[in-house]
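1. here's a sequence, model it:
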Amino acid sequence: MSLLSRSKGPDAARQGQAIAVESIVKKYGDFEAVKGVSFDVKDGEIFGLLGPNGAGKSTLIRMMTTLIPITSGKAFIAGYDVSRDPDAARRTMGVIPQAMTSDIDLTVEENMRIYAKLYGVPGAERERSINELLEAVDLVKWRGAQVKTLSGGMRRRAEIARGLVHNPRIFFLDEPTTGLDPVSRVNVWEMLNTLKGRRNLTILITTHYMDEADRLCDRINGAGGAGEERRGGDQDAQCAEHFARRCLRPLHGTPASRRAGQGLRLRHAGPSGVAAMKVAAMKGRP
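-> Sure thing, here's the model as predicted:
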């Protein structure tokens, strides 16, 4: 039996928006971890949240995926308000957190099967989805291997497959390549692009790697500085300016053209524009 209850229905005004975040705030006592962030993600898009460690990226994802309550503001996933209709929102999403969460004593296939059962995926559909995903992430030969025997890159691929076994529309990945070697990182990027095309996914990814955002994302937003405790003086200011210059503008071209070597091309911003973007990064505005 599925753990999810009956939905109240999506907001019809959110059609075409996979994700909509409106002035979302998270406070822990007097500390404001996320400060009034707003953005939207279109259906079929890969959207990046880019910022340094401590910028509030993971906190933002936890609110959007119903893991922690929102202090104020709203978040809609596939039209469902995550505060008012969390079960329906969960049905539409797959989530891969920073930390590896698979049971290391179970096999790859057992982890996927348990996850599918929790989402109420019927038996025939469950087996078909597991087989398709294992092939897509190149783990067919290791389906019976215990997770603890896999390399870091293989384990991350297994986690991604598990997160898609219930066929979600929207996929959240929180710094999915942190700690991986360069070859494994590239393999994960290529796999995500393949899965997006095959499964018609909308993907939201957080990262602090510029090359990752450039390679994967259709659009990016800077999360730099939301609630961050700054201790680096000039170094922090330079970091904020770097992220503001690179993050807080739409990307030109497509991910495919940028992967082909055309590079990251941003609209020109004069000194006043750069200063404004730096202030936005320091204050945590998208």
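2. contacts for the longest helix along the chain next, please.
-> Ordering each helix of the chain by length in residues (DSSP state H) puts helix 182-199 first. Contact partners of helix 182-199, identified using CB atoms under 8 Å, 6 or more residues apart in numbering, comprise 46, 136-138, 151-153, 156-157, 160, 164, 167, 173, 176-177, 180, 201, 203, 205, 212, 215-216, 255. All C-beta spots, glycine's among them, are computed from the backbone N, C-alpha and C.
3. restricted to helices, list those.
-> Mapping the contacts of helix 182-199 onto helices (DSSP H) picks out 136, 152, 153, 156, 157, 160, 212, 215, 216, 255.
4. among those residues, name the buried ones.
-> Burial by neighbour count, 16 or more other CB atoms under 10 Å: within those this picks out 136, 153, 156, 157, 160, 212, 215, 216, 255.
5. among these, which one has the lowest pLDDT?
-> Lowest in pLDDT among these is residue 255, which has 54.
6. what about the closest residue in space to residue 72 that isn't next to it in sequence, how many residues nearby?
-> Computed as CB to CB, 6 or more residues apart in numbering, the closest residue to residue 72 that is not its neighbour in sequence is residue 25, at 4.5 Å. Each residue near residue 25 was counted by other CB atoms under 10 Å, and the total is 17.
7. now residue 25: which helix or strand?
-> strand 17-28 (DSSP states H and E).
8. chain center to that strand: distance?
-> Centroid separation between strand 17-28 and its chain, computed with CA atoms, centre = their mean, to the nearest Å, is 14 Å.
9. sorry, back to before: how close does the residue nearest to residue 72 sit to residue 35?
-> Per CB to CB, to the nearest Å, residue 25 is found 6 Å from residue 35.
10. is it true that residue 164 touches residue 170?
-> No. Look at residue 164 against residue 170 with CB atoms under 8 Å: they stay out of range, at 10.9 Å.
11. any residues in contact with both of these two?
-> Common neighbours of residue 164 and residue 170 (CB under 8 Å, 6+ apart) are 94, 201.
12. how about the strands of the stretch 101-250 of the chain, start to end?
-> 170-174, 202-207, 219-222 (DSSP state E, counting those that start in this stretch).
13. which ones are touching the residue nearest to residue 72?
-> Residues in contact with residue 25 (CB under 8 Å, 6+ apart) are 32, 34, 35, 36, 37, 70, 71, 72, 73.
14. can you get me a residue count around the third one?
-> Neighbour count for residue 35, taken as other CB under 10 Å: 18.
15. same check, this time on the first one
-> Per other CB under 10 Å, the neighbour tally for residue 32 reads 16.
16. helix, strand or coil for it?
-> Residue 32 falls in the strand class when you classify it by DSSP: H, G, I helix; E, B strand; the rest coil.
17. relative to residue 222, how far out is it?
-> 17 Å.
18. now, the most widely separated pair of the ones in helices among the contacts of helix 182-199?
-> Of all pairs drawn from the ones in helices among the contacts of helix 182-199, the widest gap by CB to CB lies between 152 and 255 and measures 24.5 Å.
19. got the confidence number for residue 42?
-> Reported pLDDT for residue 42: 92.
20. same question, residue 236
-> On the pLDDT scale, residue 236 gets 38.
21. what of residue 51?
-> Note on residue 51: pLDDT of 80.
22. wait, it touches residue 57, no?
-> Yes. Residue 51 lies in contact with residue 57 (CB under 8 Å); the separation is 5.6 Å.
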